[in-house]
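>>> With the sequence up front, the predicted model follows.
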Amino acid sequence: KVVEFASYIAAPGAAGILADWGAEVIKVERPQGDPMRHVFADAKSELTGNPTFGMDNRGKRAVVLDIAKPQGRDALARLAAEADVFLTNVRPASLKKYSLDEQTLRAANPRLIYAVVTGYGLEGPDAHLPGFDVTAFWSRAGVARMHAPKGSDPFILRTGVGDHTTSLA
């Protein structure tokens, strides 16, 4: 049983793979929903919905919880207390603020595998920064420069290349 408290692509993609492999995955979304749901809303296209969101969230059940309220926080903690894996990409400071950090959740469930997906790791000067595919993977890691033809400026690739690589890892 996997409890996913994450948004966008990298962590939800990893949970989607776990669902493919037979895990029961419960996606926990905040009241406004995963922002990835709305990424293509303004695109002038014949697409309905969001194929990236659909792909990364296949095979999951979902619940909406407001962790800013004690009832929502407690409900999420109860889900984690019965889970095998807690998977998140929420920044560690926010998790600690809402008592959803590793130490707190593992106190209630010592066998819990607590997995955090970050852009820049859990230690170091940038550990507190949000990491998005286009910034953490495509630009900062130098992948954009590697793909640009000689003498041209780097360009933006479609979203999710680094995120989906991270999902697989």
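Arrived safely.
>>> how many other residues sit next to the residue nearest to residue 47 when sequence neighbours are not counted?
What sits nearest to residue 47 in space, not counting adjacent residues and going by Cβ to Cβ, 6 or more residues apart in numbering, is residue 40, at 6.1 Å. Quick note: C-beta positions are derived from backbone N, CA and C, even for glycine. Taking other Cβ atoms under 10 Å as the criterion, the count of residues near residue 40 is 15.
>>> how much space between residue 113 and residue 106?
In this structure, residue 113 and residue 106 are 9 Å apart, going by Cβ to Cβ, to the nearest Å.
>>> and those two? which has more neighbours close in?
residue 106 (16 against 12).
>>> quick one: which helix or strand includes that one?
Secondary structure from DSSP states H and E places residue 106 in helix 102-108.
>>> elements contacting that helix?
For helix 102-108, the elements it packs on are helix 70-81, strand 113-116, judged by 3 or more Cβ pairs under 8 Å, 6 or more residues apart in numbering; DSSP states H and E.
>>> Dump the helix or strand bottoming out on mean pLDDT in the chain to CSV, keeping only the CA atoms.
Within the chain, no helix or strand scores below helix 143-147, which has a mean of 83 by mean pLDDT, DSSP states H and E. Output of helix 143-147 as CSV, limited to C-alpha atoms (Å, rounded to 0.1, in the frame of the first residue of the first chain):
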residue,chain,number,x,y,z
VAL,A,143,20.9,18.7,-20.4
ALA,A,144,19.5,21.6,-22.4
ARG,A,145,23.0,22.7,-23.6
MET,A,146,23.8,19.1,-24.6
HIS,A,147,20.8,19.0,-26.9
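>>> Now that helix: buried residues?
For helix 143-147, burial by neighbour count (16 or more other Cβ atoms under 10 Å) applies to 143, 144.
>>> repeat for stretch 131-140
If you call a residue buried by 16+ other Cβ under 10 Å, then stretch 131-140 has these buried ones: 131, 132, 133, 134, 136, 137, 138, 139.
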